[in-house]
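**Q** One predicted model, sequence on top.
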Amino acid sequence: GACPRASHGASPGRLPPRSECARFPSFEMPSRGARGLLALLGLGIAALLQPVYAIDAKCSACVAVATQLQSALEAERPRNHLDMRGRLDSKGVRYGKLIDYKVSELRFVELLENLCDDVGDKFGFRDGSWTAGAKSAGSRAERKALRKELEGYCHRLVEAQEEHLQEALYAGTLENESVEELMCRAYAPRDCEGEPTRSDNPNETVPQQKTEKEDL
């Protein structure tokens with residue numbers, strides 16, 4: 001440890017003897033910034049130990065998101081090509097590209113723009129499942145919390161699958177195949193893997209399953 005400083009009355013330049021140094025071990029406190037960093041690291045480690053992506057009945061939650069995206073696809077109307085010829089050359093002729101709306105980023109953005117809000121509006125948690133047109137059980141505050149939980153799950157799921165969804169949209173796969181099959185069984189995290197599809201259970205709006213919170 002470091003030696004204690006000489007007192008004010010000591011001769012200039014005089015250091016305490018080595019034996020005196022040994023009696024005064026030095027412990028330096030971390031700076032305020034270092035303490036803040038340690039606290040943040042502690043919170044980060046604690047967060048990693050918690051199930052960050054958790055929701056009740058995750059398969060039916062995934063089916064709710066997929067169902068709403070399927071509805072959005074079916075509600076699309078034909079759109080003109082996107083005219084990107086906004087600039088003029090030296091001869092006054094417009095130049096640029098015409099982009100097919102079907103394979104444009106604008107289409108992808110518009111499909112997903114209000115998706116999770118719509119899922120929260122149209123699905124509720126009843127009898128252990130997220131169901132279209134159902135009103136979640138509980139108080140107003142509890143219903144609001146459940147809606148936020150479903151919307152949060154929707155955002156995380158879309159973010160996790162964004163690249164796959166965009167590729168499927170541009171390839172025409174998303175509109176020609178079951179969105180539920182793609183989002184809930186083909187693309188990670190495959191939240192309905194091993195669960196029956198709605199076509200196997202036509203009387204069920206969404207699959208019934210356990211209600212404990214599970215990872216996304």
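**A** Cool, the structure landed. This is a predicted model, so every value here is computed, not measured.
**Q** Pull the number of nearby residues for residue 123.
**A** 29 (other C-beta atoms under 10 Å). Where C-beta positions appear, they are placed from N, C-alpha and C, glycine not excepted.
**Q** What of the one 4 residues further on?
**A** Per other C-beta under 10 Å, the neighbour tally for residue 127 reads 10.
**Q** Equivalent analysis for residue 125, please.
**A** By other C-beta under 10 Å, neighbour count at residue 125 equals 26.
**Q** Checking residue 135 next. Helix, strand or coil?
**A** coil (DSSP: H, G, I helix; E, B strand; the rest coil).
**Q** so what's it closest to, chain neighbours aside?
**A** residue 124 (4.9 Å; C-beta to C-beta, 6 or more residues apart in numbering).
**Q** Same check on residue 143?
**A** Residue 143's closest residue in space is residue 136 (C-beta to C-beta, 6+ apart), at 4.4 Å.
**Q** who's in contact with residue 192?
**A** 59, 62-63, 180, 184-185, 207 (C-beta atoms under 8 Å, 6 or more residues apart in numbering).
**Q** Number of residues surrounding the residue nearest to residue 143?
**A** 19.
**Q** Retrieve the pLDDT associated with it.
**A** At residue 136, the pLDDT value in this model is 94.
**Q** Can you give me the separation between it and residue 191?
**A** Remark: distance between residue 136 and residue 191 (C-beta to C-beta, to the nearest Å) = 20 Å.
**Q** Over to residue 122?
**A** Distance from residue 122 to residue 191, by C-beta to C-beta: 19 Å.
**Q** rewinding a little: can you flag which of the contacts of residue 192 belong to helices?
**A** 59, 62-63, 180 (DSSP state H).
**Q** For those residues, give me TSV that also has pLDDT and distance to residue 98.
**A** TSV is the format used below for the ones in helices among the contacts of residue 192 (pLDDT from 0 to 100; distance: C-beta to C-beta, whole Å):
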residue	pLDDT	distance to residue 98
59	96	42
62	97	37
63	97	37
180	96	34
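**Q** now, which of those residues sits nearest residue 112?
**A** Of all the ones in helices among the contacts of residue 192, residue 112 sits closest to residue 62, with 15.3 Å by C-beta to C-beta.
**Q** and that closest one, how many neighbours?
**A** 28.
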